[in-house]
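Novice: sequence first, predicted coordinates after that:
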Amino acid sequence: RLSEQEGILRLFTSVGDTSNSSNASPAHLYTLQENTSTHVLDIIGQLPNSNRPATLGKAGEQIYATRFLGKRGYLVTFRVTDPLYVIDLSNPADPYISGELKIDGYSDYLHPLSETLLLGIGKDAVMDTNGDNGRGAWYQGVKLALIDVSNPANPYERDRIILGKRGTETTVSQTHHALTTLKKGNTLQVALPVSLHETLANPGLSTGPSVSTYYNWTQDELYRLNIDLLAGSWQPLSAIISAKQTADNSVWSYQWLYDRSVMIGDYVHYLHGDKVISQMW
């Protein structure tokens, strides 16, 4: 994951989840600068290092999301909980972890809302208490996290929204092009396609659903939010539904991967398959 600012190349690398060492860092940060004499890139800083040995993630975790914004870097690793690391890059020769946030689930896409707010989009998760071969956690519905990074030493989750049950997906997790935003004054309009799963396959089971239960597809929709950037709060709006399960379960969703939307003026236009749904925001 690469970024450049003021002649400094910043990058995160990952060793995946193959290491079993308790001291291993699944992610590494490097800062590089061109050597004007040799015309090669020299490593001028990195994490972890002997002076700053704290790992970026824990053994067995993987990188799920990164974002470089100005002189900060944000990194999400995951296996059981979602550690969000805030990294200070103001001195490229001596980067350091300025703060860390541990929350349930994970973000696989981080979107900057303002200088102090991040939107995390990913999945909710429940810890695997049965120790299923070290699996870590069971993915649940789509999770939206409103993260306050105004104090980089103490990032916190202002609010969260969980959409659907296990099996629910958002196209944003496949491509960031599926996320649409439009700023109007201090309000940011946000839209993202969701394939909602919250219909039980066997509702008559006496034991009821568990954290490992997959739910049947219910509908495809464009989920909408108004985010107040000053107050750091959000207001969900009614979703625009493009396809819905029939009573005999004869319909199945396969088009959500290609859903997109665009906002023009006061209207939002939602593309699903071979149709466009347009309405006032």
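Specialist: Yep, it's here.

Novice: so Leu257 sits in a strand?
Specialist: No. Counting by DSSP: H, G, I helix; E, B strand; the rest coil, one finds Leu257 to be helix, located in no strand.

Novice: that one: neighbouring residues, count only.
Specialist: By the criterion of other CB atoms under 10 Å, Leu257 has 13 neighbours. The C-beta positions use only the backbone N, C-alpha and C, and glycine is treated the same way.

Novice: roughly how far apart are it and Asp108?
Specialist: According to CB to CB, to the nearest Å, Leu257 stands 15 Å off from Asp108.

Novice: pretty sure Ser150 is touching Thr116, no?
Specialist: Yes. Between Ser150 and Thr116 there is a contact under CB atoms under 8 Å: 3.8 Å.

Novice: what residues sit buried inside the helix or strand hosting Ala239?
Specialist: In the assignment (DSSP states H and E), Ala239 maps to strand 233-244. By neighbour count with 16 or more other CB atoms under 10 Å, strand 233-244 contains the buried residues Trp234, Leu237, Ala239, Ile240, Ser242, Ala243.

Novice: how about TSV for the residues you listed, with pLDDT added?
Specialist: TSV is the format used below for the buried residues of strand 233-244 (pLDDT from 0 to 100):
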residue	pLDDT
Trp234	97
Leu237	98
Ala239	97
Ile240	98
Ser242	95
Ala243	91
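
Novice: would you confirm that Ile227 contacts Trp234?
Specialist: Yes. Using CB under 8 Å, Ile227 is in contact with Trp234, at 4.5 Å.

Novice: overlap of the contact sets of these two?
Specialist: Leu146 (CB atoms under 8 Å, 6 or more residues apart in numbering).

Novice: Phe68 is in contact with Arg10, isn't it?
Specialist: Yes. Shown here, Phe68 and Arg10 form a contact pair, counting by CB under 8 Å, at 5.7 Å.

Novice: got a pLDDT number for Glu61?
Specialist: At Glu61, the predicted lDDT confidence score is 78.

Novice: report how many residues lie close to Pro53.
Specialist: Around Pro53 there are 10 other residues, counting by other CB under 10 Å.

Novice: now it. Its backbone dihedrals?
Specialist: As for Pro53, its main-chain torsions (degrees, to the nearest 10) stand at phi -80, psi 0.

Novice: list the contacts of Ser195.
Specialist: When contacts are counted by CB under 8 Å, 6+ apart, Ser195 is found next to Thr168, Glu169, Thr170, Thr171, Trp217, Asp220, Ser253, Trp256.

Novice: where in this protein is the helix or strand with the lowest mean pLDDT?
Specialist: Taking mean pLDDT, DSSP states H and E as the measure, the helix or strand of the chain with the lowest value is strand 81-88, at a mean of 84.

Novice: pull up the pairing partners for that one, direction included.
Specialist: strand 72-78 (antiparallel), strand 96-104 (antiparallel) (DSSP bridges).

Novice: just those strands: most buried one?
Specialist: By mean neighbour count, with neighbours taken as mean count of other CB atoms under 10 Å, strand 72-78 ranks first of the strands paired with strand 81-88 at a mean of 24.

Novice: still on that earlier bit, of Phe68 and Arg10, who's got more company?
Specialist: Using other CB under 10 Å as the criterion, Phe68 and Arg10 rank with Arg10 on top: 22 against 19.

Novice: shaky segments in the stretch 1-150 of the chain?
Specialist: Screening the stretch 1-150 of the chain residue by residue with the criterion pLDDT under 70, one finds the ranges 16-23, 79-82, 129-136.

Novice: let's go with 50 and repeat that
Specialist: The stretch 1-150 of the chain contains residues with pLDDT under 50 at 19, 23, 132-133.

Novice: all strands for it, in order.
Specialist: 2-5, 8-14, 27-34, 41-47, 62-69, 72-78, 81-88, 96-104, 106-112, 117-127, 137-148 (DSSP state E, counting those that start in this stretch).

Novice: let's have those in CSV, adding distance to Leu56.
Specialist: As requested, these are arranged in CSV below (distance: least, CB to CB, whole Å):
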stretch, distance to Leu56
strand 2-5, 16
strand 8-14, 8
strand 27-34, 4
strand 41-47, 6
strand 62-69, 9
strand 72-78, 6
strand 81-88, 6
strand 96-104, 8
strand 106-112, 15
strand 117-127, 17
strand 137-148, 18
